[in-house]
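**Q** Sharing a model prediction with you, sequence too.
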Protein chains: 2
Amino acid sequence: MSKIIFDSGISLDGFFAGNGRSPKNPMGGVSGQIHSWMFNQKAFWEYLGFEGGKEDGPDGKFIRETIERTGAFIMGKRMFEEGEASWPNDLYKADVYVLTHEKREPWVQEGTTTFYFINDGIESALDKARKSAKGKDIRIQGGANTIQQFLNAGLVDEFFIHIAPVFLESGIRLFEGINKDKYNLQILEVIPSELTTHLKYKLTKK
Amino acid sequence: MSKIIFDSGISLDGFFAGNGRSPKNPMGGVSGQIHSWMFNQKAFWEYLGFEGGKEDGPDGKFIRETIERTGAFIMGKRMFEEGEASWPNDLYKADVYVLTHEKREPWVQEGTTTFYFINDGIESALDKARKSAKGKDIRIQGGANTIQQFLNAGLVDEFFIHIAPVFLESGIRLFEGINKDKYNLQILEVIPSELTTHLKYKLTKK
């Protein structure tokens, strides 16, 4: 059965994105600082269909495992709008459900990525993503607010964070207003690396 | 030469203490959640001079190393006031410099702990702590605001955090308003444990 997961990079002070996010300034310009570990990985570039990356150790193994287990994505409207302006074609290689008030026909990309625009809430997106995922996991891609909605609805089974050794000082925090009474958390795995710290948690509803 | 360090437990959402801190409610009542890993350790109880604790693995090794390297402490007035009401005698076994506006004679405890009350700022406390430490490290004990002052003054050489697998939802964050342009950070060591995640960082001034 599909698990609901998320997999996010954050700064050491907990920021998922910087200030002033917009389609012209995806993630508030901090992607290079939070995700630099990823841009170093062969596994990341392989996934995009390019040659690139120098490293192929524990970080790359993590990337491959997360790609392998993911069968569908859910994301918020702001993340989608930023990505629409900057992502390469067929980045997700799966069905992606975008939470939005905008009515829009599915955007079928060349390859295997299709974006569906969902107007009736997170449970509806989840039902549809479950069908797309065919038993693989459903990844809540972001932004932080969308992840917070799923966490606070008690819907998340596992999550992975990558804590970059950098302070950002301000921006949008991943863990802001997370209901403290919703889950018991268990540390599943810690994968040390010189580039970032990978942490896996399992959540059990209280 | 003495390094300036801190060693703090935080929740997964980054909180160092809860809301409503006071001498009657030290740490806002969240110590059990953030520090439960520590209360399980033989090394912690040994240090206090009591029998206690069940575990003696990597977490205990961490505690012993930090105790061994620390030669003096600096703390803020609020932390001291909370501790004065609740700490056992001779908890620190070293000189402790308390940053405060209050003028007060040193409080010499039975054993080897003496609290000194410093009225002229963090650099003055540091000078005095350096003499007390005799080449061992100077630990900025807390609270969060005091640690932030030392971080933003560019004075910290290394720090250790212990990320407990728990959400607290609100309270006082350890990394709040940390100047993003002050340091380059390097991950020194990651010590996985089922109870918490120990991370060591080295800071180099930019």
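**A** On my side now, so go ahead. Residues are numbered from 1 along each chain as shown, chains lettered A, B, ... in the order given.
**Q** need the contact list for the residue positioned nearest the centre of chain A.
**A** The residue lying closest to the centre of chain A (Cα atoms, centre = their mean) is A:Q141, at 2.9 Å. The contact partners of A:Q141, by Cβ atoms under 8 Å, 6 or more residues apart in numbering or on different chains, come to A:6, A:73-75, A:79, A:96. Backbone N, C-alpha and C define where each C-beta goes, glycine included.
**Q** ok, 10 Å please
**A** Counting by Cβ atoms under 10 Å, 6 or more residues apart in numbering or on different chains, A:Q141 touches A:6-8, A:70, A:73-76, A:79-80, A:83, A:92, A:96-98, A:147.
**Q** Look up how far A:A125 lies from it.
**A** 11 Å (Cβ to Cβ, to the nearest Å).
**Q** Quick check: neighbours shared by those two?
**A** Joint contacts of A:Q141 and A:A125 (Cβ under 10 Å, 6+ apart) are A:73-75, A:97-98.
**Q** And the pLDDT for A:K128?
**A** Note for A:K128: predicted pLDDT of 98.
**Q** My guess is it contacts A:A72. True?
**A** Yes: with contact defined as Cβ atoms under 10 Å, A:K128 and A:A72 form a contacting pair (8.1 Å).
**Q** Have a look at those two and say which one is more surrounded.
**A** A:A72 (24 against 17; other Cβ atoms under 10 Å in any protein chain shown).
**Q** For chain B, see how far away that one is.
**A** A:A72 is 26 Å from chain B, where distance means Cβ to the nearest Cβ, to the nearest Å.
**Q** Which elements pack onto the helix or strand where that residue lies?
**A** For A:A72, the host element (DSSP states H and E) is strand A:70-76. On a contact count with 3 or more Cβ pairs under 10 Å, 6 or more residues apart in numbering or on different chains; DSSP states H and E, strand A:70-76 meets strand A:4-11, helix A:77-84, strand A:95-99, strand A:114-118, helix A:122-133, strand A:137-142, helix A:144-152.
**Q** Any chance of JSON lines for those, columns distance to B:V190?
**A** Compiled in JSON lines, the helices and strands packed on strand A:70-76 are given as follows (distance: least, Cβ to Cβ, whole Å):
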{"stretch": "strand A:4-11", "distance to B:V190": "16"}
{"stretch": "helix A:77-84", "distance to B:V190": "29"}
{"stretch": "strand A:95-99", "distance to B:V190": "33"}
{"stretch": "strand A:114-118", "distance to B:V190": "37"}
{"stretch": "helix A:122-133", "distance to B:V190": "32"}
{"stretch": "strand A:137-142", "distance to B:V190": "24"}
{"stretch": "helix A:144-152", "distance to B:V190": "24"}
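**Q** With respect to A:I161, which of those lies nearest?
**A** strand A:4-11 (5.7 Å; Cβ to Cβ).
**Q** is that closest one anywhere near chain B?
**A** Yes: if you take Cβ under 10 Å from any Cβ of the partner chain as the test, strand A:4-11 does meet chain B, through A:10-11.
**Q** Quick one: distance of that strand to the chain centre.
**A** 5 Å (Cα atoms, centre = their mean, to the nearest Å).
**Q** residues touching the closest residue to A:T197 other than its chain neighbours, list them.
**A** Excluding its sequence neighbours, the residue lying closest to A:T197 (Cβ to Cβ, 6 or more residues apart in numbering or on different chains) is A:I163, at 4.6 Å. Listed by Cβ under 10 Å, 6+ apart, the contact partners of A:I163 are A:9-14, A:34, A:196-199, B:161, B:163, B:187, B:190, B:197, B:199.
**Q** And A:I163, its phi and psi?
**A** According to degrees, to the nearest 10, the main-chain angles of A:I163 amount to phi -90, psi 110.
**Q** How many residues are close by the closest residue in space to A:F73 that isn't next to it in sequence?
**A** The shortest distance from A:F73 to any residue other than its chain neighbours is 4.3 Å, reached at A:V96 (Cβ to Cβ, 6+ apart). By other Cβ under 10 Å, 25 other residues sit near A:V96.
**Q** Also A:L185?
**A** A:L185 is flanked by 17 other residues according to other Cβ under 10 Å.
**Q** So it is in contact with A:F175, correct?
**A** No: using Cβ under 10 Å, A:L185 is not in contact with A:F175, being 11.4 Å away.
**Q** can you list residues touching both of the two?
**A** B:11-12, B:167.
**Q** where are the low-confidence patches of chain A?
**A** Counting by pLDDT under 70, chain A shows no low-confidence range.
**Q** can we see that at 90?
**A** Across chain A, residues meeting the criterion (pLDDT under 90) sit at A:48-50, A:57, A:85-86.
**Q** Phi and psi next, for A:S22.
**A** Dihedral angles (degrees, to the nearest 10) for A:S22: phi -170, psi 170.
**Q** burial measure for the closest residue to it other than its chain neighbours, as a count.
**A** Counting by Cβ to Cβ, 6+ apart, A:E82 is the residue found nearest to A:S22 once chain neighbours are left out, at 7.1 Å. Using other Cβ under 10 Å as the criterion, A:E82 is surrounded by 24 other residues.
**Q** From what I see, A:F150 and A:I74 are in contact.
**A** Yes: taking contacts as Cβ under 10 Å, A:F150 lies within contact range of A:I74: 7.8 Å.
**Q** can you list residues touching both of those two?
**A** Jointly contacting A:F150 and A:I74 under the rule Cβ under 10 Å, 6+ apart are A:4, A:6, A:122, A:125-126, A:138, A:140.
**Q** With neighbour count added, can I get the residues you listed in CSV?
**A** Formatted as CSV, these follow (neighbours: other Cβ atoms under 10 Å in any protein chain shown):
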residue, neighbour count
A:I4, 22
A:F6, 22
A:I122, 19
A:A125, 25
A:L126, 21
A:I138, 28
A:I140, 29
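**Q** helix/strand/coil for A:A43?
**A** Here A:A43 is helix, with the state taken from DSSP: H, G, I helix; E, B strand; the rest coil.
**Q** Which residues are in contact with it?
**A** A:A43 touches A:53, A:55-57, A:59-67, counting by Cβ under 10 Å, 6+ apart.
**Q** can you do 6 Å?
**A** A:60, A:63-64 (Cβ atoms under 6 Å, 6 or more residues apart in numbering or on different chains).
**Q** Please apply the same query to A:S86.
**A** A:S86 sits next to A:P26 when contact means Cβ under 6 Å, 6+ apart.
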